[in-house]
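Peer 1: what follows is a predicted protein model with its sequence.
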Amino acid sequence: MRLRSNRDQGISRAVHRLFRDATLADAPGLVICLATRIPALVLFNVLIPLQVAYGVQAIVTRHFSQVPHYVLLVLLCAAGYAVLWSIGGFTISRNGVRGSSYVQRTVFSNFLQKDYDFYSNTYFGALGSQAVQLRSVYSEYSQIFLLGGPSQAVTIVAGIGVVAWKSPILALVTLLCMAAVLGFTVTMSAWRLRLRRQLSEANSDLAGQIGDTLSHAPTVKSFASDDYEETRLDTTLAAWAKVQYRTWMSSIPADDGRMLLAAIATGVLLLMAARMYQHGTISIAIVALVQLYVIRMIAATQAIADLIKQYENVMGAAYSTMKTMLVEPTVLDPAAPKRLPKNSLKISFKDLTYTYDDATAHATAVAGFNLEITPGEKIGLVGYSGSGKTTLTKLLLRFMDATGGSIRIGGVDIRDVRQRELRQAIAYVPQEPLLFHRSINENIAYGRPSASAKEVKEAAKLAYVDEFVDNLPHQYQTEVGERGVKLSGGQRQRVAIARAILKDAPILVLDEATSALDSRSEKFIQQALWRLMKGRTALVVAHRLSTIQRMDRIVVMDKGRVVQIGTHNELLKDKKGIYATLWAHQSGGYMGVPDKRGAVNENAS
């Protein structure tokens, strides 16, 4: 419990730091706001009630000629208040917009810096909800500390000051009554804040599950799993409802107790003022003045209590997002980064080991892997499923760090290079290319945003995107839907390959880049890839061996190790080897049957 309390306090402090920095993002506007709002509040909370009290005094003493004078002063104070309040309102609105933008950029940047494994274990729907939620609660936070808080504080300080000037004893009793109300509110707030944090996490889980299910709606429909998903949601909803009910119920004793204390305080002060007037200690005008300020102060105290309740909501809602933001990445840039050489990008894997170790698995995916790839060499990587091929590509891209051994490019350990520079040197086409919900043109240009429209179309032509794009309603401006769902798997892969072609990086990593293509498209794409790979270092992962039979060398992996290495024809000579076995399984389908010398007749069936 103590550890949880310390963690919760750390998260709360982090929220305050972020919101403080966001508020200071427009420091001049903040200064103008405070310089106008505070004088406006003094005019409204001190001078206007004081002039009203003096007017009452003039009426009681029958000095009616003085009443217009006090009315004029009230009007002048009201006009000054309106002008200053409007100026402050403009600047605080600008400050709020800039602060909200600062929060949103910070959250977005923070989420983008997370590790590959973080995204593998997190609901994307929850992240989207959290990223927007923190920005929205900042607006409430700024309202509390820049509008509501200062306004009520000035009201109370001014009221205590004026009442103390006229009746110190009434001021003291008023102060004690307000302290009782606020003390009760703060005590209840600590309890309610814990519930708000739990509710924040429950909301995040609920949003994540809904987002995950809806993003896979075609799968749900294809398996007729509507009832199953609704049952899963009911379970999550039940957990959410339990916390939500406790949170709502907690407001009943908090609100009722606060209102009861405020009513008692008002009654006590009214009785005291009446007794003092009865004994001639104060005049009726002073009674009116004091009651006017007491009513204002009690109202301000109630307002502060409401602000504390609003603060609970803000901190509770911010909790899950900040908790996510504070997850430290494990893949870090070096303190003193080195640069990759521009040429001779030899790739060396030395005693490379990677072990998955989390709550659900503990398995070695790569074990003592050794390989050297000379500049410009094309390497095919094959093996049974689970042999470590895709893991190897992720280690090369430093999506995760090896648990042993090293990877060097141009003699430089990739852990000594900034991640951005490393990945800029590599064009990567993953096994399941996902596209942005943007146009085809934007998705291809993502490989090099500065590319011209002509260069984008040239890359698209090399990847045979032009074969299908002309038939789309808006051609290159056609939006492909979330994750590219409006395109077929083969079309998505062609767009991804065009993106890699446009990037024009010295190293290519292709992980099953042609797996979703039909035989005709594959033939065209292979021609494009060979043109792309000319003069570049390439690492190509493939289950379809037709993709890699022309490689300079083919590396066969099993259980994370290199078990065979050679050219296509050399590997076929080992009839009992994994490569020959894989080829035998595929030769009747994809690329024909090898003859006695290992050569392939592409027309054979």
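Peer 2: Arrived safely. For clarity, every value in this text was computed on a predicted model and none was experimentally measured. Residues are numbered from 1 along each chain as shown.

Peer 1: could you use CA atoms for every contact and neighbour count after this?
Peer 2: OK.

Peer 1: low pLDDT regions in the stretch 201-350 of the chain?
Peer 2: 211-212, 214-226, 248, 250-256, 258, 285, 344 (pLDDT under 70).

Peer 1: so where do the strands sit in it?
Peer 2: 347-357 (DSSP state E, counting those that start in this stretch).

Peer 1: would you map the helices across it?
Peer 2: Secondary structure of the stretch 201-350 of the chain (DSSP state H, counting those that start in this stretch): helices located at 217-222, 226-278, 284-325.

Peer 1: tell me which of those helices lies nearest to residue 370.
Peer 2: Among the helices of the stretch 201-350 of the chain, the nearest to residue 370 by Cα to Cα is helix 284-325 (36.8 Å).

Peer 1: what ranges does the stretch 1-150 of the chain have for its helices?
Peer 2: Under DSSP H, counting those that start in this stretch, the stretch 1-150 of the chain gives helices at 2-23, 27-42, 48-60, 67-112, 116-120, 124-142, 149-166.

Peer 1: looking at those helices, which is closest to residue 343?
Peer 2: Per Cα to Cα, nearest to residue 343 of the helices of the stretch 1-150 of the chain: helix 116-120, 28.4 Å.

Peer 1: got the buried residues for that closest one?
Peer 2: Residues of helix 116-120 classed as buried by neighbour count (16 or more other Cα atoms under 10 Å): 116, 118.

Peer 1: use 18 as the first number from now on
Peer 2: Will do, 18 is the new start, and the previous item becomes helix 133-137.

Peer 1: any idea of the mean pLDDT in it?
Peer 2: Mean pLDDT, computed over helix 133-137, is 73.

Peer 1: same check on stretch 414-424?
Peer 2: If you average the pLDDT values across stretch 414-424, you get 86.

Peer 1: give me the contact list for it.
Peer 2: 132-134, 347-348, 364-372, 385, 411-413, 430-432, 436, 439-440, 443 (Cα atoms under 8 Å, 6 or more residues apart in numbering).

Peer 1: and residue 503, how many residues sit next to it?
Peer 2: Counted by other Cα atoms under 10 Å, the residues lying close to residue 503 total 14.

Peer 1: residue contacts, residue 572?
Peer 2: Counted by Cα under 8 Å, 6+ apart, residue 572 has contacts 396, 397, 398, 399, 579, 580, 581, 582, 583.

Peer 1: what sits against the last one?
Peer 2: Spelled out, it's residue 583. Per Cα under 8 Å, 6+ apart, neighbours of residue 583: 570, 571, 572.

Peer 1: quick one: which of those is nearest to residue 318?
Peer 2: residue 572 (74.7 Å).

Peer 1: show me what secondary structure element comes after the one helix or strand the closest one maps to.
Peer 2: Using DSSP states H and E, residue 572 sits in strand 570-575. Sequence order places strand 578-583 as the next helix or strand after strand 570-575, per DSSP H and E.

Peer 1: average pLDDT across that next one?
Peer 2: On average, strand 578-583 scores 86.

Peer 1: I'd like the next helix or strand past that strand.
Peer 2: Using DSSP H and E, the first helix or strand after strand 578-583 is helix 585-589.

Peer 1: so residue 410 makes contact with residue 526?
Peer 2: Yes - using Cα atoms under 8 Å, residue 410 is in contact with residue 526, at 7.1 Å.

Peer 1: tell me the mean pLDDT for stretch 439-453?
Peer 2: In the prediction, stretch 439-453 has an average pLDDT of 82.

Peer 1: now do the end-to-end distance for that stretch.
Peer 2: 23 Å (Cα to Cα, to the nearest Å).

Peer 1: check stretch 470-490 too.
Peer 2: 19 Å.

Peer 1: from the chain's centre, how far out does it sit?
Peer 2: 34 Å (Cα atoms, centre = their mean, to the nearest Å).

Peer 1: buried ones in that stretch?
Peer 2: Under the neighbour-count criterion of 16+ other Cα under 10 Å, stretch 470-490 has 473, 474, 475, 476, 477, 479, 480, 481, 482, 483, 486 buried.

Peer 1: any chance of these in a markdown table, plus distance to residue 295, secondary structure and pLDDT?
Peer 2: Converted to a markdown table, the buried residues of stretch 470-490 look like this (distance: Cα to Cα, whole Å; DSSP: H, G, I helix; E, B strand; the rest coil; pLDDT from 0 to 100):
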| residue | distance to residue 295 | secondary structure | pLDDT |
| --- | --- | --- | --- |
| 473 | 91 | helix | 82 |
| 474 | 93 | helix | 84 |
| 475 | 96 | helix | 83 |
| 476 | 94 | helix | 82 |
| 477 | 94 | helix | 83 |
| 479 | 99 | helix | 80 |
| 480 | 96 | coil | 78 |
| 481 | 98 | coil | 76 |
| 482 | 94 | coil | 79 |
| 483 | 96 | helix | 79 |
| 486 | 92 | helix | 80 |
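
Peer 1: tabulate the residues you listed (JSON lines), appending distance to residue 55.
Peer 2: Shown next, in JSON lines, are those (distance: Cα to Cα, whole Å):
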{"residue": "473", "distance to residue 55": "57"}
{"residue": "474", "distance to residue 55": "60"}
{"residue": "475", "distance to residue 55": "63"}
{"residue": "476", "distance to residue 55": "61"}
{"residue": "477", "distance to residue 55": "61"}
{"residue": "479", "distance to residue 55": "66"}
{"residue": "480", "distance to residue 55": "65"}
{"residue": "481", "distance to residue 55": "66"}
{"residue": "482", "distance to residue 55": "63"}
{"residue": "483", "distance to residue 55": "64"}
{"residue": "486", "distance to residue 55": "62"}
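
Peer 1: for residue 458, state which of the residues you listed is nearest.
Peer 2: For the buried residues of stretch 470-490, the nearest to residue 458 is residue 473 (7.1 Å; Cα to Cα).

Peer 1: neighbours around the closest residue to that closest one other than its chain neighbours, how many?
Peer 2: Nearest non-adjacent residue to residue 473, counting by Cα to Cα, 6 or more residues apart in numbering: residue 462, 6.1 Å away. The number of residues packed near residue 462 is 25, by other Cα under 10 Å.

Peer 1: and residue 462, how far from residue 571?
Peer 2: 32 Å.

Peer 1: got a list of what residue 408 touches?
Peer 2: 382, 383.

Peer 1: how confident was the prediction at it?
Peer 2: 85.

Peer 1: just give the nearest non-adjacent residue to the residue most central in space within the chain, would you?
Peer 2: What sits nearest the mean C-alpha location of the chain, by Cα atoms, centre = their mean, is residue 148, with 3.9 Å. Leaving out its chain neighbours, the residue that sits closest to residue 148 by Cα to Cα, 6+ apart is residue 124, at 6.0 Å.
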